[in-house]
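> fold the following for me, if possible:
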Amino acid sequence: MKSAARTRLELLGVAAPAALAIGWIFWSLNDFEERLTHALIDARASATAHQVEVRVDQCLRAVAAVRGYISAAPPTDPSGFRAFLSSANLIDSDVIGIGWNPRVTDAERAEFERRARAFDPGFEIRVRDPELGAMRAPRRDVYFPTLYGVPPPPTQGIDSGSVASLRDLLERARDTGNPQISAPFALLAPSPNSAVVVVFTPVYRGVPTSLDARRAQLLGYVGGALKVGSLVASFQGEDRALDMEIWDETEPTQPQVLFSPEPQGRSRGAGEPVVVELSIPGRHWVARFRATPRLIRSASSLSSFPLAGGAVASLFFIVLLVQRYVAIVRHAREISAHSEEMRRAIHRFESVIESSPSGVLMVDSGGTIRLSNARIDAMFGYERSALLGQPVDLLVPPSIRGNHAALRDSFFAKPEMRWLGVGRELYGTHRSGRLFPVEVGLAPLHAEEGPMVLATIVDVTERKRAAERLEQHQQELRRSNAELEQFAYVASHDLQEPLRKVASFCTLIERKYGDRLDDEGRTYIRFAVDGAARMRALIQDLLAFSRAGSGELRTTPVRCEMALRAALDALSTQIDESHARISFEALPTVMAEPTQLTQLFQNLLSNAIKYRSHATPEIHVRCVEQARHWVISVSDNGIGIAPAFHERVFGVFKRLHTREKYSGTGIGLAICRRVVERFGGRIWVESQEGAGATFHFSLPRAVAGQEKDEAQSSEGGAHVG
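Numbering: from 1, shown residues only. The predicted structure follows:
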């Protein structure tokens, strides 16, 4: 009995330490697994957060590409806009829509809506009332309506400037020149667990260099709609080990959910979240990650396993080690898959840079070249990638290298997009030492290594040569035109005297010898007198046409109403005889020459009276304000002009009717065109045969501070006749 008891004590003495050892092994393994799981969660969270930042950046680049397209050539109809977006493949599951919101002043509104109805018959600038829905926008100084959208958005025609949540966003985008992202935007009907945000990037006329210039040169905004849920789904599969929520905490007291795997922000994950702040321009986005039940169950399998005997415990211990190994390999493969996606994204970015027709260069704040594409190397004559790590001063003309570091420091002190070489001479230095003209665009970048500048360089050698050839041809043309004008002036002046003599002597012959001539002879004399008179009228009109384009141009602020009243005084007899009724609205002050502006009005009014129908002539003069011009219109109820002859009527000596039906030489409208183009405007006609005509002409606005036309502030115009 004692022997058996001793044996049991010995076995207990061995089993107890073994059980403790196995328990310690399991505890250590469980602690290791827990730490490994946390490390994997952190790595996975960081990789996923980076993917979100990359996708948002790609969306911003898509909107920026549309801005470049509109800056280069603003579209005139939706088809061109759609064709560009289709060819550039800019609409996808992330960017669910892109639109163009031009700047429209209240004075331009009526004309803007009329043109928009050419492709959208029901178009008008609207606002969205919470109770009444979309309705016509009340009057404002400036509107930013959605004009073109792909696909056609529910905000078509909606004035973005009237939306309270967007107003500050638009102003920040305008003043900074950078894209701005909104908070969740309710007008675009988000899904229950995914918000839609909008991005607005400003489009300017030219390249503004200051805050005031940005405000004055704003043309409008390109808007893009991003669905955050689609953005996440593009790289996160269904069988995910982590649940992610994205919140907008730009307003700390009012955080808003942007994406959640479950509606209303209820994540199915458990445990304390891993929080990662996202680098999103202008916003404070936060991603919160939690392990899903699948990952929790997998991680807890070791700690829930009961302690057992030595052999069985060892077997299960080995099995569990194999399971953990398999799980670790699976996690490693998932991380590898994300790394592969990042590698492909980087490859796509590099492909875009390499295939760019412009040279692309990235330089750090110390002036060292960190990236260059093939076009840069070819442009400056270096072997591929030979410029990497070299100072950028190699590419700068020797004459300014000493000052280039200070210029670079000033850029990094105030980093903003700039375009250099426009309006001034800028040169690059070829490896051979040859200088060649360039234009350079600069854009600031923020990289892990520190601030960078991305330079886009264009060799404009051929453009400058073409410009020089064009200038040479223009000088020759100006000289030739001057000689022709001088010849026309001299010829018309010298020819009038012989014609006067011919007409005078024919008249004397008729008076003195008229009784001796038969009817045929008197008819011949009348033909000669009439021909001389018509020739004299042609020569006088030719002289007027020559004078309209000769001499030094000296424009001053001119009140259109004063010039119009002077024209009406000159035409008073014609107005009285035809009983014409002429009315006009408040007219502006423009940059012109008073005498020629009066002649312009006189010719247009005279034509409107001459080419009248059987009805009493009714003529109306009005104006429309545009960005840099006034468009003045003269409308009548006359016989009209067929569309096929809209351009022909402005030709010299071009007539649409016989002299017997309508008198004149056919040079009046040619003089009008010459006067208007001399002032920097253009003239055109809108008319249908039998339905009257409207002649429009544009003239530059008077310089700010010089517009003293009281008629602009009056409620109406005047009536004559």
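> ok, the nearest residue to P451 once chain neighbours are set aside - contacts?
Nearest residue to P451, sequence neighbours excluded (CB to CB, 6 or more residues apart in numbering): S365, at 5.2 Å. Using the backbone N, CA and C atoms, a C-beta is placed for each residue, glycine as well. Counting by CB atoms under 8 Å, 6 or more residues apart in numbering, S365 touches R408, D409, F412, G450, P451, M452.
> output the strand ranked longest in the chain as PDB, nothing but the C-alphas.
The longest strand of the chain (DSSP state E) is strand 435-447. What follows is strand 435-447, C-alpha atoms only, in PDB (Å, rounded to 0.1, in the frame of the first residue of the first chain):
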ATOM      1  CA  LEU A 435      19.500  77.700 -74.600                       C
ATOM      2  CA  PHE A 436      16.000  77.000 -75.800                       C
ATOM      3  CA  PRO A 437      12.700  78.800 -74.800                       C
ATOM      4  CA  VAL A 438      10.400  77.000 -72.400                       C
ATOM      5  CA  GLU A 439       7.200  77.400 -70.400                       C
ATOM      6  CA  VAL A 440       7.200  75.900 -66.900                       C
ATOM      7  CA  GLY A 441       4.300  75.000 -64.600                       C
ATOM      8  CA  LEU A 442       5.000  74.500 -60.900                       C
ATOM      9  CA  ALA A 443       2.800  72.600 -58.400                       C
ATOM     10  CA  PRO A 444       3.700  71.900 -54.800                       C
ATOM     11  CA  LEU A 445       3.700  68.400 -53.400                       C
ATOM     12  CA  HIS A 446       4.000  67.000 -49.900                       C
ATOM     13  CA  ALA A 447       5.900  63.700 -49.800                       C
END
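> break the chain down into its domains, please.
Domain assignment for the chain, taken from automatic domain parsing, gives 66-233, 358-459, 464-551, 553-721.
> what segments of the stretch 251-400 of the chain are strands?
With strands called from DSSP state E, counting those that start in this stretch, the stretch 251-400 of the chain shows them at 256-259, 270-280, 283-291, 359-364, 369-372.
> hang on, the earlier thing: select, out of the domains of the chain, the one closest to V257.
domain 66-233 (6.9 Å; CB to CB).
> distance between the ends of the closest one?
Domain 66-233 stretches 25 Å from its first residue to its last (CA to CA, to the nearest Å).
> in stretch 510-530, what's buried?
Within stretch 510-530, the residues that qualify as buried are E510, I525, A528, V529, counting by 16 or more other CB atoms under 10 Å.
> that one - what's its average pLDDT?
Averaged across stretch 510-530, pLDDT comes to 74.
> ok, and what's touching it?
V502, A503, C506, T507, I509.
> mind doing that once more with 10 Å?
Stretch 510-530 is touched from outside by V502, A503, S504, F505, C506, T507, I509, R659, with contacts defined as CB atoms under 10 Å, 6 or more residues apart in numbering.
> restricted to helices, list those.
V502, A503, S504, F505, C506, T507, I509 (DSSP state H).
> is V198 bridged to anything, and to what?
For V198, the beta-bridge partners under DSSP bridges are A225.
> and if you look at D243?
Beta-bridge partners, per DSSP bridges, of D243: R290.
> wait, a helix at R673?
Yes - remark: R673 belongs to a helix, assigned using DSSP: H, G, I helix; E, B strand; the rest coil.
> number of nearby residues for it?
The number of residues packed near R673 is 20, by other CB atoms under 10 Å.
> mind listing which of the buried residues of stretch 510-530 are in helices?
E510, I525, A528, V529.
> between the strands of the stretch 251-400 of the chain, which gets nearest to H629?
strand 359-364 (37.4 Å).
> partners of that closest one, with directions?
Partners of strand 359-364 in the sheet, by DSSP bridges, are strand 369-372 (antiparallel), strand 450-459 (antiparallel).
> I'd like the ones you listed as CSV, with distance to L426 appended.
Listed next are these as CSV, based on distance: least, CB to CB, whole Å:
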stretch, distance to L426
strand 369-372, 18
strand 450-459, 10
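> residues in contact with R418?
By CB under 10 Å, 6+ apart, the contact set of R418 is G177, V207, T209, F411, V440, G441, L442, A443, P444, V453, A455.
> can you put these in a markdown table and add distance to A45?
Shown next, in a markdown table, are these (distance: CB to CB, whole Å):
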| residue | distance to A45 |
| --- | --- |
| G177 | 33 |
| V207 | 41 |
| T209 | 42 |
| F411 | 36 |
| V440 | 40 |
| G441 | 37 |
| L442 | 35 |
| A443 | 30 |
| P444 | 29 |
| V453 | 32 |
| A455 | 35 |
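> filter those down to the buried ones, PyMOL style.
Burial among these is assessed by 16+ other CB under 10 Å; the matching PyMOL selection reads:
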select buried, resi 177+207+411+440+441+442+443+444+453+455
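> among the contacts of R418, show me the least confident.
Within the contacts of R418, pLDDT is lowest for V207, at 75.
> how close does that residue get to D409?
Distance from V207 to D409, counting by CB to CB, to the nearest Å: 22 Å.
> same question, T209
For T209, the distance to D409 - CB to CB - is 18 Å.
> same thing with R44?
Distance of R44 to D409, computed by CB to CB: 41 Å.
> out of these two, which sits in the busier spot?
R44 (22 against 11).
> so the more buried one, which of the three states?
Going by three-state DSSP: R44 is helix.
> return the per-residue confidence for it.
In this model, R44 carries a pLDDT of 75.
> that one contacts R290, doesn't it?
No - judged on CB atoms under 10 Å, R44 makes no contact with R290 at a distance of 11.5 Å.
> spit out the residues that contact the two alike.
The contact lists of R44 and R290 share L242, M244, V274, where a contact means CB under 10 Å, 6+ apart.
> which of those count as buried?
Buried, going by 16+ other CB under 10 Å: L242, M244, V274, out of the shared contacts of R44 and R290.
> need the residues you listed in CSV (columns: pLDDT and distance to Q475).
Formatted as CSV, the buried ones among the shared contacts of R44 and R290 follow (pLDDT from 0 to 100; distance: CB to CB, whole Å):
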residue, pLDDT, distance to Q475
L242, 72, 71
M244, 83, 67
V274, 83, 71
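> quick one: which of these is nearest G680?
Looking across these and measuring by CB to CB, the closest to G680 is M244, at 58.4 Å.
> pLDDT score for the closest residue to the closest one other than its chain neighbours?
Distances taken as CB to CB, 6+ apart put F289 closest to M244, at 5.4 Å, once the chain neighbours are dropped. If you check F289, the pLDDT there is 82.
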